[in-house]
Every structure is written in C-alpha cells, then in structure tokens.
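In: Provided below for reference: sequence and predicted model.
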Amino acid sequence: MAILDIVKYPKPILLEIAIRVQPDGIEKEQQFIRDMMNTLLDKGGLGLAAPQVNMKKRIIIFRYDKSDIQVLINPVITSTKGKMVSEREGCLSIPNIRRNIKRDRVIVVEGFDRAGNYIKIKPKKNITSFVIQHEIDHLNGITILDGPKKRNLFKQKKGKEARWNLISTIIYKFN
C-alpha cells in the first residue's frame, strides 16, 4: 500500500496529454490503481488523475459516493445536457488556489473499469459530474489555471477523436 507523491504545478506532466491505456495493458495497472486509491484517501481529495501522480496514462479515480471509489480508464465524455454552471474548484496539484470553473451539470462518460469492462456512467450528482470533468481535464493537460477558451477548444478538437479512440478500443478488446 503506497501513498504516491502529488505532482505540483507547473511540472510539465500536468500540461501534457496523457496516453491511452491499451486493453491488454489494464491488468498491469492494477497496483498503480490501488496506489492511486490509497493516495486519494490519504489526501482527502474527491478525484485524482494519473498525471497528478506522475504517470502519463488516461486513468482517473473519483469518489462516486462517500464510500465508493470509481476507476475510469480511457474516459470519454460522450454527452452533455442542460446549462453549464460555475463552481469553485480546488486541485491537489495546485494547493491553496480555488477558481470558478464553468462546467456541464449533466454528463455521460464512457470508458473501462479496472477489470477492463466497458462502462457508461451518468452521474446523479452535479459534484460528481464536476469532479469527472476536472480529472479528464488533467488527462488533456488542462488545469484550473487555464481559461475556458483552452477547455472549449480542446473539447471541440478532441471530442470526435476521443470518441473514435474509445470505439476502436472496444473493437480491439472484443475481437
């Protein structure tokens, strides 16, 4: 049971796009995922992305409720609905700073769980939607210090590509 060091801004890994985990590589990530979970519990955060613990992989974890920690590998937001809402956010990698960030209230996110099974999540609580979006931002090299232009530009450019990567991973896994 290891507690991983949290990478602090402006370390370059926080500003880079994380690499997709190959389906046949998910099993190799199990100890790292356990260490991420222990780190999240130790630090008292709501979510954690692999780049925040110095691993350039598309893995996030988040508290789905008070007792359950959910793992998402290669997560992709596939749908948003309703108006966006601004909330104050903090970040384990940028301590002592909180910023208002505008995010979608309702999202659908798809990816793989820690066993490599395809999952689709529709968070029931706004806070869970915000945490997932925050952690996916980390996978895309975006922090709370970045403005909405960078966040929206990435969404527009990468949305179709990210969806294709998810689809191609599913096809690869089941063939």
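Out: Received it, and whenever you're ready, just let me know what you need. Numbering: from 1, shown residues only.
In: hey, let's count contacts and neighbours off CA atoms from now on
Out: Will do.
In: just checking, what's the longest strand in the chain?
Out: Selection of the longest strand in the chain by residue count, based on DSSP state E, yields strand 69-91.
In: What helix or strand is residue 31 located in?
Out: Following DSSP states H and E, the helix or strand that holds residue 31 is helix 30-43.
In: Figure out how far that helix is from the centre of its chain.
Out: Once both centres are worked out by CA atoms, centre = their mean, to the nearest Å, helix 30-43 turns out to sit 14 Å from its chain's centre.
In: Over to stretch 43-51?
Out: Mean C-alpha position of stretch 43-51 versus that of the full chain (CA atoms, centre = their mean) differs by 9 Å.
In: That one spans what distance, first to last residue?
Out: Between the opening and closing residues of stretch 43-51 there is a gap of 16 Å (CA to CA, to the nearest Å).
In: neighbouring contacts of that stretch?
Out: Outside of stretch 43-51, the residues within contact range by CA atoms under 8 Å, 6 or more residues apart in numbering are 7, 13-14, 18, 36, 40, 56-63, 92, 131-132, 135-136, 138-139.
In: Sort out which residues of it are buried, please.
Out: Of the residues in stretch 43-51, those with enough neighbours to count as buried (16 or more other CA atoms under 10 Å) are 46-51.
In: Save these as TSV, and put in distance to residue 116, secondary structure and pLDDT too.
Out: Listed next are the buried residues of stretch 43-51 as TSV, based on distance: CA to CA, whole Å; DSSP: H, G, I helix; E, B strand; the rest coil; pLDDT from 0 to 100:
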residue	distance to residue 116	secondary structure	pLDDT
46	23	coil	96
47	20	strand	98
48	19	strand	98
49	17	strand	98
50	17	helix	98
51	20	helix	98
